[in-house]
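Q: predicted structure and sequence below. I'll ask about it afterward.
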Amino acid sequence: MHRYRIWTTCVSLLLVLPASVLPAQNPTTLLPAIPAPTTVRIQVDLNARTGPFTPVYAWFGYDEANYTTMPHGRALLRELHDLTAAPVYIRAHNLLTSGNGTPSFKVSSTGIYSEDASGHPHYDFKIIDAIFDAWRAAGVRPFVELGFMPRDLAATLPNRHQPYQVYFPASTISGASNNPPRDYARWQQLVRVLTAHLVQRYGRQEVLKWYFEVWNEPDIGYWHSTPQNYFKLYDYTVAGVRAALPGARVGGPASTGPGSDKANLFLRGFLQHVATGHSAATEGPIPLDFISFHAKGYPTSHDGIVTMGLNHELNDVNRGLSLIASFPQFRRLPVILSEADPEGCAACSSRTNPANSYRNGPLYPAYTAAAFKAILDLRNRSRVDVIAMLSWSFEFEDTDAFADLRSLTTNGVDKPILNLFRMLGMMSGDRVRTSSTGAVPLDTLISTGVRQSPDVDALATRNANTAAVLLWNYQDANEPGPSAPAGITIQGIPAGVHRVLLEYFRIDKDHSNAYTAWQAMGSPPHPDPGQDARLQAAGRLQLFTSPKWLDVHAGTVRITTSLPRESVSLLWLHWEPWPTAELSRALAPSSFQVSSRRDPSSGDLFYGCRCVFPPSRESSIQSDELTR
């Protein structure tokens, strides 16, 4: 990644935006309207608040924990921290797996536990400390998934003869690393020792902000034993965590999508076990601070056309929340969708499954935007508190560019999906009511997905002096389709505000999209430095138009635009007093402090931007960020 390195303690600059550069606009002529009888009418009522906007998007995860400490992994963690003011949580597999820390697809290790010839435990924190230190340096918080089984603790099973670790593309969960422990008390001791170490290293108050989850998908091949033995593992695990840190947030079972009857039965059995109040480890109540399960779509491919399976992911969420709501003692607990994705294998490219070719372009963010709103609506309908929709996507170090892997970046180049999370990070305050004549009803999304007319819909937020409207045009099939002409009416702008400044961001085939830029280069598997620099620029979140002033009439502005198929847009409106903290995040979240004032005589708007770089930490900033 080619960046300007800044070593000084601060840099200051002043951007002068003359009033003549930002002329007043008639709100009905923001963009050339596309006359059509089928214009989608979108209504946004800023006064109709429906509750706080929860940053359920700010959760990410990956199989390969050791990618955390690699160059592109460290850089991406900083980007994830910077996309939102909310805490960002990171989940990773293999934190307790034996090995030397060498990552490969779907495999990682820390070598934390071993036993000597006499059977005495030995703990080695070197690798796991490096992972947690990298998370802390990036400013993100761990969502600690406790798994998998160390070699010297793994039980020997008579029906399994695979080696301890099996490598991709073979089934990486077929080895003894997914066996139950041969001694549950020793497993509990490992968890207690690790938790105590984390408290000693990072501080009790910090670790209390984290979440501890027991294992991953124990209802399928990730767990080589029975549901009852997983329940026992859960009891011993949370007992170990709580022994070292009373008050730690513990939960599970991280089971697969409860849209299937088998997974639904497993989740029900787990909740019934906890409800018994009898721990196998302590014989007392069983702690449960959150409930986690997974939700996955199911894309297919036919004759080169990928058809997403949004209804599968939403059915998982719908049935899971309905099940939890049926337990009065649990329906108030936070729910974490600790994997929520279009399908189930991040490391499987389109060579393995042609349906995975959706991952590089704008179909992925359009799908995720539609899923995001639907999951928020399901939360409201079920009255079960979903606090996380974790994207199982990160990066794969040193692969071919745009290799159809489910990732946020490709060798340090941002993919369009990451820009959706940047858009979501610019939304804050309260969610407000929206309606769209082009929206697909929620029950249709759950039952069949978006198979007929596209889903042209909106999600909006507001706080004291900003409003954000997320728009998308999504269809399950990635076939070419027409743009949707849209008229957006935003009402409820505070009395006394006569003009608002609009910034219009877009993800489509031509904006915020390094993939099409890479294709235009001839799809080089390993871009040269000059190509890489151009891809870096193309991958950033981009404005669709220059910022524009809009006149407000009776608290309302009207915007006309056209939304291409497979696109996501963000309309970000702000009015005086200027939202300097939010503008700081939008420009360069960890680097800028922004102030503003208007010259009373000329009407010119002045932004003062101050870049702050602590001397204790090297910081970097791209040239386009300095000049924006």
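A: Okay, I see it. Numbers count the residues shown, from 1 in each chain.

Q: which residues of the stretch 51-200 of the chain fall in strands?
A: Using DSSP state E, counting those that start in this stretch, the strands of the stretch 51-200 of the chain run over 59-62, 89-92, 113-115, 121-123, 141-146.

Q: next: the stretch 401-550 of the chain.
A: So, for the stretch 401-550 of the chain - with DSSP E, counting those that start in this stretch - the strands run 409-410, 413-414, 430-436, 455-462, 466-474, 484-491, 499-507, 542-543, 548-551.

Q: low-confidence ranges in the stretch 501-628 of the chain?
A: 578-628 (pLDDT under 70).

Q: quick one: low-confidence ranges for the chain?
A: Judged by pLDDT under 70, the stretches of the chain that qualify are 1-37, 578-628.

Q: domain assignment for it?
A: By the assignment in automatic domain parsing, the chain contains the domains 4-52+430-627, 59-394.

Q: deepest of those domains, which one?
A: Mean neighbour count (mean count of other CB atoms under 10 Å) peaks for domain 59-394 among these, with a mean of 20. Just so you know, the C-beta spots here come from the backbone N, C-alpha and C atoms, and that holds for glycine as well.

Q: need the strands of the stretch 51-200 of the chain in a markdown table with distance to Leu376, can you?
A: What follows is these, written out as a markdown table (distance: least, CB to CB, whole Å):
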| stretch | distance to Leu376 |
| --- | --- |
| strand 59-62 | 14 |
| strand 89-92 | 18 |
| strand 113-115 | 40 |
| strand 121-123 | 42 |
| strand 141-146 | 20 |
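
Q: tell me which of those sits nearest to Thr516.
A: Closest to Thr516 of these is strand 59-62 (CB to CB; 24.3 Å).

Q: hmm, back to that, so which of the domains of the chain comes closest to Gly412?
A: domain 59-394 (4.8 Å).

Q: endpoints of that closest one, how far apart?
A: End-to-end span of domain 59-394 (CA to CA, to the nearest Å): 11 Å.

Q: just confirm Ser225 is within a strand.
A: No - using DSSP: H, G, I helix; E, B strand; the rest coil, the assignment for Ser225 is coil, not a strand.

Q: list the contacts of it.
A: Asn179, Pro180 (CB atoms under 8 Å, 6 or more residues apart in numbering).

Q: relative to Pro181, how far out is it?
A: According to CB to CB, to the nearest Å, Ser225 and Pro181 sit 10 Å apart.

Q: and if you look at Arg331?
A: 32 Å.

Q: same question for Gly530.
A: Using CB to CB, which is the criterion applied here, Gly530 is 53 Å from Pro181.

Q: kindly report the same for Leu76.
A: 33 Å.

Q: and Leu405, by the same measure?
A: 32 Å.

Q: swap in Val432?
A: Counting by CB to CB - Val432 and Pro181 are separated by 50 Å.

Q: Ala281 against Tyr236, yeah?
A: Yes - with contact defined as CB atoms under 8 Å, Ala281 reaches Tyr236; the gap is 4.4 Å.

Q: ok, which stretches of the stretch 251-400 of the chain are helices?
A: Along the stretch 251-400 of the chain, counting by DSSP state H, counting those that start in this stretch, helices occupy 261-276, 310-325, 363-382.

Q: put the alpha carbons of the second one into CSV.
A: Right, the one you point to is helix 310-325. Provided in CSV are the C-alpha atoms of helix 310-325 (Å, rounded to 0.1, in the frame of the first residue of the first chain):
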residue,chain,number,x,y,z
LEU,A,310,-31.1,-14.0,0.7
ASN,A,311,-34.2,-15.9,1.9
HIS,A,312,-32.1,-18.6,3.5
GLU,A,313,-30.2,-16.2,5.7
LEU,A,314,-33.3,-14.3,6.7
ASN,A,315,-35.1,-17.6,7.4
ASP,A,316,-32.3,-18.6,9.8
VAL,A,317,-32.7,-15.3,11.6
ASN,A,318,-36.4,-15.4,11.7
ARG,A,319,-36.7,-19.0,13.1
GLY,A,320,-33.8,-18.4,15.5
LEU,A,321,-35.4,-15.3,17.0
SER,A,322,-38.8,-16.9,17.2
LEU,A,323,-37.3,-19.8,19.1
ILE,A,324,-35.5,-17.5,21.6
ALA,A,325,-38.7,-15.5,22.1
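
Q: that one vs strand 466-474, what angle?
A: 120 degrees (axes from the mean of the first three to the mean of the last three CA atoms, to 10 degrees).

Q: contact partners of helix 310-325?
A: 257-259, 264, 267-268, 271, 291, 293-298, 330-331, 333, 335, 337, 340-342, 367, 370-371, 374-375, 378-379, 382-384, 386, 445-450, 476.

Q: what angle do that helix and helix 261-276 make?
A: Using the same axes, to 10 degrees: helix 310-325 against helix 261-276 is 20 degrees.

Q: which one of the strands of the stretch 51-200 of the chain lies closest to Pro480?
A: Of all the strands of the stretch 51-200 of the chain, strand 59-62 comes closest under CB to CB, at 31.3 Å.

Q: packing partners for that closest one?
A: Counting contacts by 3 or more CB pairs under 8 Å, 6 or more residues apart in numbering; DSSP states H and E, strand 59-62 packs against strand 89-92, strand 141-146, strand 335-341.

Q: out of the strands of the stretch 401-550 of the chain, flag the one nearest Glu576.
A: strand 499-507 (8.7 Å).

Q: quick one: strands adjacent to the closest one?
A: strand 542-543 (antiparallel), strand 548-551 (antiparallel), strand 567-574 (antiparallel) (DSSP bridges).

Q: who are the contact partners of Pro334?
A: The contact partners of Pro334, by CB under 8 Å, 6+ apart, come to Asp289, Phe290, Ile291, Asp385, Val386, Ile387.
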